[in-house]
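Visitor: Mind looking at a prediction? Sequence and model below.
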Amino acid sequence: MRESALMHDLTIRPYAPADFDAVVALWTDCGLTRPWNDPADDIALCLSSSHGAVLVGELPIAGGKIAATVMVGHDGHRGWVYYLAVGRAHERRGHGRAMMAAAERWLAERGVPKLQLMLRAENGAAAAFYRKLGYRDGGTRVFERWLTTPKRPKAAPGRIETVITYLEMKAPPPPRPPHQPRRQLALLRLAEPSTAFYRYLYGTVGEPWFWYERRAISDDELARLIRAAGIEISVLYADGEPAGYIEMDYRDKADVSLAYFGIVPHLIGHGLGGFLLGRGIEEAWRRGARRLAVYTCTLDHPRALALYQKAGFVPYKQETKVIDDPRALGLIPAWVPLPPSARLEAPDRDRGNTPGRMR
């Protein structure tokens, strides 16, 4: 099957072995891969019979670059789709809708009467997308059981050396033209945050950057921290789904600290971080702060330091600390890779006092 969708400038065709690297790179960028689901195994199993196909969407105007994919198949009773992916640079151009239409046609040509899909409960943006296409929640529950041992990498041994940079802002930054990302945004304060929801935010936002300290404490201790007087947590919603959060420490009203701040991984790079950080800074100065403080480290996103500096923060101190790898402690899943700017401690390094990371 090869078709050209002129409205979205996408050519949809069956997967070829030469597409493997580009397809896996796209799935990884879209956050669809999991360590226990090897893409090579998934593709091989899908293509091993006439019951499945992987479709790729190319952009002829970009030299045939693969911008979208969908895996489609049937079990002899119902159709299923997986790995619907659209490159971040090609969103909101109708590519997702085109790939789903191609999957539906593939099933219809084989006489399959119904298409179903599985969706994580927290993925509100995807749910909204499918509803727009006419899909509905069927009200069924999915039960699962592994028939083989899933692939889970062993915990990485060793310790991590991290450089912490402390920053401050002693005057409001100069006004800039407001930047509004191309999404429907809402910033809502948590009046009395529950530990369950907070752990969801903390884990989703912070896991790639090894936020582990609050995973190690009890619900009672966490509740005392996040509900303390002067601690304010606000959640950013983008198109209806939680997109990130910011936690401000107003216990010293003159010297305010930005305690936690981040965007969920699949929405990084869409301008939401600058928007959320800017709103937090603006509110702190509106309340009469005399100084704002924040710190970041080499475990955080590689662009975190630049983002803070662009917002008006100035570095004033750095220090190096060495921590136990939280994967080896069971606080971060073993399959989470080391953040790109972090590095493991040299084996022959002096192991004297090594205080842990504070955030």
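Guide: Happy to help now that I have it.
Visitor: Could you tell me whether residue 68 really is in a strand?
Guide: Yes - judged by DSSP: H, G, I helix; E, B strand; the rest coil, residue 68 forms part of a strand.
Visitor: Would you confirm that it contacts residue 97?
Guide: No - in this structure residue 68 lies outside contact range of residue 97 using CB atoms under 8 Å: 10.1 Å. For every residue, glycine as well, the C-beta is placed using N, CA and C.
Visitor: Between these two, which is the more surrounded one?
Guide: Set residue 68 next to residue 97 and count neighbours by other CB atoms under 10 Å: residue 68 wins out with 28 against 16.
Visitor: The nearest residue to that one once chain neighbours are set aside and residue 84: what is the separation?
Guide: Of all residues not flanking residue 68 in the chain, residue 57 sits nearest, at 3.6 Å (CB to CB, 6 or more residues apart in numbering). Using CB to CB, to the nearest Å, residue 57 is found at 10 Å from residue 84.
Visitor: what is in contact with those two at once?
Guide: The overlap between the contact sets of residue 57 and residue 84 (CB atoms under 8 Å, 6 or more residues apart in numbering) consists of 68, 69, 99.
Visitor: Relative to residue 111, how far out is the last one?
Guide: Taken as CB to CB, the spacing of residue 99 relative to residue 111 amounts to 21 Å.
Visitor: Pick out whichever of those two has more residues nearby.
Guide: Applying other CB under 10 Å to residue 99 and residue 111 shows that residue 99 carries more neighbours, namely 27 against 7.
Visitor: quick one on the thing from earlier: for the residue nearest to residue 68, helix, strand, or coil?
Guide: strand.
Visitor: List the contacts of it.
Guide: Counting by CB under 8 Å, 6+ apart, residue 57 touches 10, 11, 12, 66, 67, 68, 69, 95, 98, 99.
Visitor: ChimeraX command for the buried members of the residues you listed?
Guide: Buried residues within these, by 16 or more other CB atoms under 10 Å, are selected in ChimeraX with:
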select :10,11,12,66,67,68,69,95,98,99
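Visitor: Looking at the contacts of residue 57, which is nearest residue 300?
Guide: Nearest to residue 300 among the contacts of residue 57: residue 67, at 29.5 Å, using CB to CB.
Visitor: What does the pLDDT read for residue 121?
Guide: Residue 121 is assigned 69 on the pLDDT scale.
Visitor: Can you report how many residues neighbour the closest residue to residue 250 other than its chain neighbours?
Guide: Closest residue in space to residue 250, ignoring its immediate chain neighbours: residue 230 at 4.5 Å, by CB to CB, 6+ apart. Residue 230 has 11 neighbours, counted by other CB under 10 Å.
Visitor: Now residue 230. Its backbone dihedrals?
Guide: The phi/psi pair for residue 230 (degrees, to the nearest 10) reads phi 100, psi -10.
Visitor: doesn't residue 247 make contact with it?
Guide: No - taking CB under 8 Å as the definition, residue 230 is not a contact partner of residue 247, at 11.2 Å.
Visitor: Tell me where the stretch 1-150 of the chain has helices.
Guide: 20-29, 39-47, 95-108, 124-132 (DSSP state H, counting those that start in this stretch).
Visitor: Off-centre distance for the second one?
Guide: Relative to the mean C-alpha coordinate of its chain, helix 39-47 is positioned 24 Å out (CA atoms, centre = their mean, to the nearest Å).
Visitor: quick one: average confidence on that helix?
Guide: 93.
Visitor: Would you mind pulling up the elements that it packs against?
Guide: Using 3 or more CB pairs under 8 Å, 6 or more residues apart in numbering; DSSP states H and E, the elements in contact with helix 39-47 are helix 20-29, strand 52-59, strand 65-74.
Visitor: Contacts for that helix, please.
Guide: 15, 20, 23-24, 27, 33, 52-54, 71, 73, 82-83.
Visitor: With distance to residue 338, neighbour count and pLDDT as extra columns, can I get those residues in a markdown table?
Guide: Below are the contacts of helix 39-47 laid out as a markdown table (distance: CB to CB, whole Å; neighbours: other CB atoms under 10 Å; pLDDT from 0 to 100):
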| residue | distance to residue 338 | neighbour count | pLDDT |
| --- | --- | --- | --- |
| 15 | 31 | 18 | 96 |
| 20 | 25 | 13 | 95 |
| 23 | 25 | 20 | 95 |
| 24 | 20 | 18 | 92 |
| 27 | 21 | 20 | 90 |
| 33 | 17 | 17 | 80 |
| 52 | 35 | 20 | 96 |
| 53 | 36 | 19 | 96 |
| 54 | 30 | 20 | 97 |
| 71 | 29 | 23 | 97 |
| 73 | 35 | 22 | 96 |
| 82 | 28 | 20 | 96 |
| 83 | 26 | 22 | 96 |
